[in-house]
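**Student:** next input, structure requested:
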Amino acid sequence: MMTVRLVCVGKLKEKYWRDACAEYEKRLSAFCRFQIVELPETRLPETPSAAQIEAALREEGKRILAAVGNDWLISLCVEGRQLSSEELSAEVDALSVRGVSSLAFCIGSSFGLAPEVKSASRLRLSFSPMTFPHQLARVMLCEQIYRAFQIGRNGKYHK
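**Tutor:** Presented below is the predicted three-dimensional model:
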């Protein structure tokens, strides 16, 4: 059974976001060993300079890469590829067939991801050119991972 981890910078503050992720975590247990890893967000002043943001991203990037280890890394970033649900499912299935047993999806902080994380990613993924709150993006990613497994198993969920 594949291990799928969602590595996120920051915590979900509202209960309804946590509940939504917990529901998909429960559903995913039928398909994979799913885990959400929350890493601390680097504290920045209210109006940080570009240098402060860059330093924070580097610090967060080190924590992300340490948490990911040798997992096959897929990062969410604005410049990533946009895939349909069927295409994401095919990617996950192809990785499984190739023997990839541990997959990590990554969502950075509100300032994005360090260049080191992006370059370590085997796939950069984007939901849309639109901007979404990170809490919503996390729920959407959990749902899309669940949908990908359902599609791959010809489940009734995806129509």
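
**Student:** where in the protein is pLDDT low?
**Tutor:** With pLDDT under 70 as the threshold, the chain has low-confidence stretches at 158-159.

**Student:** how about the helices in it?
**Tutor:** For the chain, applying DSSP state H gives helices covering 15-28, 50-68, 85-97, 115-120, 134-152.

**Student:** I'd like those helices as a markdown table, with mean neighbour count and distance to residue 43 appended.
**Tutor:** C-beta coordinates here come from the backbone N, C-alpha and C atoms, glycine included. Output for those, formatted as a markdown table (neighbours: other C-beta atoms under 10 Å; distance: least, C-beta to C-beta, whole Å):
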| stretch | mean neighbour count | distance to residue 43 |
| --- | --- | --- |
| helix 15-28 | 16 | 21 |
| helix 50-68 | 16 | 8 |
| helix 85-97 | 16 | 33 |
| helix 115-120 | 16 | 19 |
| helix 134-152 | 20 | 16 |
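
**Student:** reformat these as a markdown table; add distance to residue 36.
**Tutor:** Output for the helices of the chain, formatted as a markdown table (distance: least, C-beta to C-beta, whole Å):
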| stretch | distance to residue 36 |
| --- | --- |
| helix 15-28 | 6 |
| helix 50-68 | 11 |
| helix 85-97 | 17 |
| helix 115-120 | 17 |
| helix 134-152 | 8 |
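
**Student:** spit out the contact partners of residue 18.
**Tutor:** Residues near residue 18 by C-beta atoms under 8 Å, 6 or more residues apart in numbering: residue 12.

**Student:** same deal with the one 10 residues further on?
**Tutor:** Contacts of residue 28 were listed using C-beta under 8 Å, 6+ apart, and they are 4, 34, 142, 145-146, 149.

**Student:** nearest to residue 67, of the residues you listed?
**Tutor:** Nearest to residue 67 out of the contacts of residue 28 is residue 4 (C-beta to C-beta; 13.6 Å).

**Student:** that older thread, now for the contacts of residue 28, which pair is the farthest apart?
**Tutor:** The two members of those with the most space between them (C-beta to C-beta) are 142 and 149, at 11.3 Å.

**Student:** picking up where we left off before, nearest to residue 75, out of the helices of the chain?
**Tutor:** helix 115-120 (6.0 Å).

**Student:** perfect, that will be all.
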